[in-house]
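In: Structure, please.
(chains A and B)
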Number of protein chains: 2
Amino acid sequence: MFAKETYVQRRALLKKQIGSGILLFLGNDDCGLNYEDNAFRYRQDSTFLYYFGISAPGLSAIIDVSEDKEIIFGDELSIDAIVWMGAQPTLREKCERVGISEVIPAADITSYLHRYTSKGKSVHYLPPYRPEHKLKLMDWLGIAPAQQAGSVPFIRAIVAQRNYKSAEEIVEIEKACNVTADMHIAAMKVLRPGMYEYEVVAEMNRVAESNNCQLSFPTIATINGQTLHNHYYGNQVKPGDLFLIDAGAEVESGYAGDMSSTLPADKTFTARQREIYEIQNAMHLESVKALRPGIPYMDVYDLSARVMVEGLKAVGLMKGNAEDAVREGAHALFYPHGLGHMMGLDVHDMENFGEVWVGYNGQPKSTQFGRKSQRLAIPLEPGFVHTVEPGIYFIPQLIDKWRSEKNFTDFICYDKVETYKDFGGIRNEEDYLITETGSRRLGKKIPLTPDEVEALR
Amino acid sequence: MFAKETYVQRRALLKKQIGSGILLFLGNDDCGLNYEDNAFRYRQDSTFLYYFGISAPGLSAIIDVSEDKEIIFGDELSIDAIVWMGAQPTLREKCERVGISEVIPAADITSYLHRYTSKGKSVHYLPPYRPEHKLKLMDWLGIAPAQQAGSVPFIRAIVAQRNYKSAEEIVEIEKACNVTADMHIAAMKVLRPGMYEYEVVAEMNRVAESNNCQLSFPTIATINGQTLHNHYYGNQVKPGDLFLIDAGAEVESGYAGDMSSTLPADKTFTARQREIYEIQNAMHLESVKALRPGIPYMDVYDLSARVMVEGLKAVGLMKGNAEDAVREGAHALFYPHGLGHMMGLDVHDMENFGEVWVGYNGQPKSTQFGRKSQRLAIPLEPGFVHTVEPGIYFIPQLIDKWRSEKNFTDFICYDKVETYKDFGGIRNEEDYLITETGSRRLGKKIPLTPDEVEALR
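Out: Next up, the predicted model:
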C-alpha cells in the first residue's frame, strides 16, 4: 500500500494514455475450495491493486475518462459483519486513502454501466481470467463469455505503465526477492537424502510465512527437475538425486519474487552433474552480462541457447554449428522454455492480458518449440524487472519423441543423450532490474555456482 | 484414495437411494490467483471425490440411474502436456481404478446432456458454489445462474450417505486429526510475547506441510479471539494477551481435521483469564459427556449454553434463570456461534448443499441470534463425525450494540461486562465420532484444561 498520491498519479497517467472512454476494472472475489465460505487466501486482481490499492473482495471500479470520474462500487460491512469481523476502516475510508471520493453500492453498477451501453458507448474491460469475471461481464455488459475478448487499447495503456517499475515498486519487489532468497537458502541447508519433497516445501513456506509473505506461485521442489510443470511433492529424495527448486514470495503489497536453484541431494555434485551444471551456469552468467537497455531479450535468449549448445558439444551431447542449431531450434530438446519473463505484481507480470502485449509489444510469437515459450522478446528498457532462468533438462518423453521423429539428427547425439535420461534437470533463476546503464540483481544473492551451492550443503 | 470397491459401492448405494433419474456431478477446476496459469492449490469437489475419487481439474460425471450408466467426461493429456508434466496414469486408467469404464471427451458433455433435456428429462445437479459451476450449468443445461437451485432429492440422497462415516473414512479423518493436534501443540510450544501472529501460523503450517497435509480451512491465530471471522495475522503478541487458534489439516485423501485452542501469551493464565477459561472448559467437558446416539445436538448446544450461564452468573457477568436465559437467547452475547458441525471431506461437511440438509434434516433453522449459527441440530447417530467447540467471547461491538438496545438487561450485568471488553475470547475444539454406545475423540489429545495448556508453555 503506497501513499494516496501514487494511486492518483497512476490513474492520471492512465487517463492521459488512453485519452477517452469508459474503463471498467473488475476486482477479484473469494474462491471457495469446497464450499463458498471456505475460501482460498484472498488475492486481489493486480491491475485493481495497481490503480486502486484496495485488497478486498466485492469491489469494481469505473473510470470515465471523458468526464474525469473515478468511482469504486462496493458495499460497507453491516453491523452484523462488524460483530463477526471486528472494527476496521469503512470502504469509504479505504477509498479516500487512495484518492477516490465516489463510492456507490455494488448492486448499482449494472444500471450505471447501462447509462453508457444504452447510448452505444463502449466500455473498455480486460480479458477475464476468472469465471466470476465472466459472469459479471455477462450480467453487466450483456457479453457472452465466448465473446469477452477484452480491449486492446486498455491493455496497451496499462502495459505501457506497469512495465516500468517505480522506485517504490522496486523496494517492494526487492523485499519479496530477499524473502525468496531466504526460502532457497533454507532449503539448501535442510535437504538430505531420505526426506520427502514436501518436507522441503514445508521449510520454504515457513520462511515465507514467518516473514508475513505468501507464495507468489505454487512452489516447484522436486527430484524430477526435468518435469517442468511439476507440483507433486510426494517423492522421497535419494542419494545421487538432483533437486530443483523454483519458488518465490509475495509481499503484503502484492509484489513477487521468483528464483530457482538446483542442488545435489548429497553434500556434493557428482562429476556428471557438475559438468552439466557448469554449462547451465555459463548460460546464466553470460545472459546476465548481456543485460542492458536496448538489447532485445530474445537476443539474450539466443545467446543463452548458443552457450548451452557449445557446452553440450564439448560434452558430446550435441554437434554442428551452434548458431544454426539455435536458429533451427535443436537446442530446445534440452532447453524447452524461455529465458525469463517480466515480474511485478504478478510473477509473470500481466500474463492475464496475454503475453504478446507484455513481452512482444503486440507482435506475434514464434511457433517454434522452445522459442515459443520465451515470454519476453522486446528490447529491454530501464525500469523493466524480469527473471533470468536458463535451464538444461533431459526429458525422457521428449527425447523418445524427437528420436523417433529423427529430429535434428545433425545436431543431437542421441546415443549419448540416451545415457542421460536419468539425469533430471538444472535451472537457476535470479531477478533483475534494467537500469540506465545495465542491470542490477534484486534481492540477496543465492548460491549460483556449483561451489557456492556445495558450500551450503 | 480407497480401493475400487469403495467407489463402486458408494455409487451403487446412491443409485439405490435415489431410484431413478440423471445425476450430474461437476468437478472443480483450477482457480487462477492473478492469471489463469497461476492457480491456487487444486481442490476437487468433495462429492466428486466421494463418488469418483479422482482429484484432477477438467472432469465431470454423469450417472444415468435408470439405464445404469456411469460416465466420466474429461480429456487425456496431449503428448506436449506429458512432456511438460511427466509420465502419469492416463485418465482412462484413473477411471478404471475407481470402477468407471466409460470415459468421454469433455467437450461432448453438452450434446450428451442434450439427449436428456431435449426429451424433457430433468437432470439432477447440486447447488453451485463456484462461478465455474454456474457457467457450466448455464452452458450445458441452459439454466441461468439465478435459477440454479440444485436438486433436493439428489442432495438428500448424498447426505443420507455421507453423514455416516465408514471405518476407512474414520482412519483418514483420524490421520487429519493427529496432524491437526500436532499443529496446535507446536503453536503452544513456540508462542512468546513479541512474536507476530504470522510467525505462529508459519510454524503450524510447517507441521501440516511436513506431514504432507494441506489446511482444511484458513487458520485463525489471533490475539483478538473475540473476532470470530478473523484471518489477519499482522498483530504482535503482547504480554497478557490471550491467543486463540482454530486450525486444521487436510490429508491427501481430502478428509479434514478441525481443532481450536486458547493459550496465554505468557507462561500462565492470569486469574481473570483462568476464571473464564474454567467456565469454557466446563461447557466443553459437559458437552462431550452428553454425546451419544439419539441426543439432538441442539440439546447439547443448549446444555453448553446453560453451563456457561451458570458459570458467568457465579462471576457476576450474568444473572437470572439459566434455562430462561438460553431459551430467550441472552447467552449469545458471550457465545454467538454454534457448538459444532459435521466434519468429513469438508471441514463443515457438505455445507455447499446448505446447512438445513446436513444438520437439520431439511427443517428450517432458528432465526435467533446465536442459535441460528448452530450448524447441527438433529439427533446424533453412530457414524456421525462432528466438532465440539463451545466458546466465550467479549465482543466490544456486540456489547455496545446490545447495551444500547437494552437487550436482556434481566440476564446480563452490563456494568461488569463493560470491564471485560479487553478480555478477548476463548474456544477449545475437538473432533468426535458417535459410536453405538457414546462417542470417541478422534486424533491425539490436545491440552484442554488451563493446567494442561500451561504445562506446554
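
In: what's in contact with the one helix or strand residue A:401 maps to?
Out: Element membership of residue A:401 [criterion: DSSP states H and E] is helix A:396-404. Under the contact criterion CB atoms under 8 Å, 6 or more residues apart in numbering or on different chains, helix A:396-404 has outside partners A:226, A:333, A:336, A:408, A:412, A:414, A:417-418, A:421, B:79, B:82-83, B:86-87. For glycine as for every other residue, the C-beta is placed from the backbone atoms N, C-alpha and C.

In: buried stuff in the lowest-mean-pLDDT helix or strand in chain A?
Out: Using mean pLDDT, DSSP states H and E, the weakest-scoring helix or strand in chain A turns out to be helix A:79-85, at a mean of 83. Of the residues in helix A:79-85, those buried under the neighbour-count criterion (16 or more other CB atoms under 10 Å in any protein chain shown) are A:82-85.

In: And that helix, what does it pack against?
Out: Secondary structure elements in contact with helix A:79-85, counted by 3 or more CB pairs under 8 Å, 6 or more residues apart in numbering or on different chains; DSSP states H and E, are helix B:396-404.

In: Counting neighbours, what do you get for residue A:401?
Out: A total of 16 residues lie near residue A:401 under the criterion other CB atoms under 10 Å in any protein chain shown.

In: likewise residue A:69?
Out: Burial of residue A:69, expressed as a neighbour count using other CB under 10 Å, amounts to 11.

In: Regarding the closest residue to residue A:178 other than its chain neighbours, what is its secondary structure?
Out: Once flanking residues are discounted, residue A:178 sits nearest to residue A:443: 4.7 Å by CB to CB, 6 or more residues apart in numbering or on different chains. Put simply, residue A:443 is coil when judged by DSSP: H, G, I helix; E, B strand; the rest coil.

In: what's the answer for residue A:63, then?
Out: Assigned with three-state DSSP, residue A:63 falls in the strand class.

In: How about the backbone phi and psi for the residue nearest to it when sequence neighbours are not counted?
Out: Using CB to CB, 6+ apart and skipping the chain neighbours, the partner closest in space to residue A:63 is residue A:23 (4.3 Å). Dihedral angles of residue A:23 (phi, psi; degrees, to the nearest 10) stand at phi -110, psi 130.

In: distance of residue A:23 from residue A:60?
Out: Computed as CB to CB, to the nearest Å, the residue A:23 to residue A:60 distance reads 11 Å.

In: neighbour count winner among these two?
Out: Taking neighbours as other CB under 10 Å, residue A:23 and residue A:60 compare with residue A:23 leading, 24 against 21.

In: Which strand residues bridge the more buried one?
Out: residue A:63, residue A:124 (DSSP bridges).

In: isn't it right next to residue A:121, touching?
Out: No - with contact defined as CB atoms under 8 Å, residue A:23 and residue A:121 do not form a contacting pair (11.9 Å).

In: contacting residues for the residue nearest to residue A:63?
Out: Contacts here follow CB under 8 Å, 6+ apart; on that basis residue A:23 touches A:14, A:62-65, A:123-125, A:154.

In: so which pair among these is furthest apart in space?
Out: Put simply, by CB to CB the two of those set farthest apart are A:14 and A:123, 15.2 Å from each other.

In: So what's the residue count around residue A:93?
Out: Tallying neighbours of residue A:93 according to other CB under 10 Å, which is how burial is gauged here, yields 11.

In: before we move on, what SS does it have?
Out: The local conformation at residue A:93, judged by three-state DSSP, is helix.

In: List, one by one, the residues from the stretch 51-200 of chain A near chain B.
Out: Contacts of the stretch 51-200 of chain A with chain B, taken as CB under 8 Å from any CB of the partner chain, map to A:79, A:82-87, A:129-132, A:134-135, A:145, A:196, A:198-199.

In: what about burial for those, which qualify?
Out: With neighbours counted using 16+ other CB under 10 Å, these contain these buried positions: A:82-86, A:129-132, A:134-135, A:196, A:198-199.

In: Spit out the contact partners of residue A:328.
Out: Contacts of residue A:328 were listed using CB under 8 Å, 6+ apart, and they are A:408, A:411.

In: what's the answer for residue A:225, then?
Out: With contact set as CB under 8 Å, 6+ apart, residue A:225 has these partners: A:242-244, A:262, A:393, A:424-427.

In: Contact distance from chain B - what residues of the stretch 201-350 of chain A qualify?
Out: Within reach of chain B by CB under 8 Å from any CB, the stretch 201-350 of chain A has these residues: A:201-203, A:205-210, A:212, A:217-218, A:224, A:226-230, A:233-234, A:336, A:345-348, A:350.

In: 6 Å - rerun?
Out: Applying CB under 6 Å from any CB of the partner chain, we find that the stretch 201-350 of chain A lies next to chain B at A:201-202, A:205-206, A:209-210, A:212, A:217, A:227-229, A:346.

In: what's near enough to touch residue A:208?
Out: Residue A:208 makes contacts with A:183, A:249, as judged by CB atoms under 6 Å, 6 or more residues apart in numbering or on different chains.

In: Now with 8 Å, please.
Out: Taking CB under 8 Å, 6+ apart, one finds A:179, A:183, A:214-215, A:249, B:202 in contact with residue A:208.

In: What of residue A:450?
Out: Neighbouring residues of residue A:450 by CB under 8 Å, 6+ apart: A:269, A:274, A:277-278, A:281.

In: Mind doing that once more with 10 Å?
Out: With contacts defined as CB atoms under 10 Å, 6 or more residues apart in numbering or on different chains, the neighbours of residue A:450 are A:262-264, A:268-269, A:273-275, A:277-278, A:280-281, A:426.

In: residues near residue A:340, how many?
Out: With neighbours defined by other CB under 10 Å, the count for residue A:340 comes to 27.

In: Where does the prediction get shaky in chain A?
Out: Flagging of chain A using pLDDT under 70 yields an empty set of residue ranges.

In: what does the domain assignment say about it?
Out: Following automatic domain parsing, one gets these domains for chain A: A:4-162, A:167-455.

In: okay, how far is it across the shortest one, tip to tip?
Out: Using CA to CA, to the nearest Å, one end of domain A:4-162 lies 17 Å from the other.

In: Centre of the chain to that domain, how far?
Out: Using CA atoms, centre = their mean, to the nearest Å, the distance from the centre of domain A:4-162 to the centre of the chain it belongs to is 22 Å.

In: So which of the residues of the stretch 201-350 of chain A next to chain B wins on neighbours?
Out: The most neighbours of any of those, using other CB under 10 Å, belong to residue A:346, which has 28 neighbours.

In: hang on, that one packs against residue A:385?
Out: No - counting by CB atoms under 10 Å, residue A:346 stays clear of residue A:385, with 11.3 Å between them.

In: Need the residues touching each of these two.
Out: With contacts taken as CB under 10 Å, 6+ apart, residue A:346 and residue A:385 have A:255-256 as neighbours in common.

In: And the longest helix seen in chain A, what's buried?
Out: When every helix of chain A is counted residue by residue (DSSP state H), the longest turns out to be helix A:167-190. For helix A:167-190, a neighbour-count test (16+ other CB under 10 Å) marks A:169-170, A:172-188 as buried.

In: Equivalent analysis for stretch A:135-144, please.
Out: Burial within stretch A:135-144, assessed by neighbour count using 16+ other CB under 10 Å, is assigned to A:135-138, A:140-141, A:143.

In: same check, this time on stretch A:65-76
Out: Neighbour-count burial for stretch A:65-76 [16+ other CB under 10 Å]: A:65, A:70-74.

In: Please convert these to JSON lines, extending it with distance to residue A:366 and secondary structure.
Out: Written out in JSON lines, the entries for those read as follows (distance: CB to CB, whole Å; DSSP: H, G, I helix; E, B strand; the rest coil):
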{"residue": "A:65", "distance to residue A:366": "36", "secondary structure": "coil"}
{"residue": "A:70", "distance to residue A:366": "40", "secondary structure": "strand"}
{"residue": "A:71", "distance to residue A:366": "42", "secondary structure": "strand"}
{"residue": "A:72", "distance to residue A:366": "41", "secondary structure": "strand"}
{"residue": "A:73", "distance to residue A:366": "41", "secondary structure": "strand"}
{"residue": "A:74", "distance to residue A:366": "43", "secondary structure": "coil"}
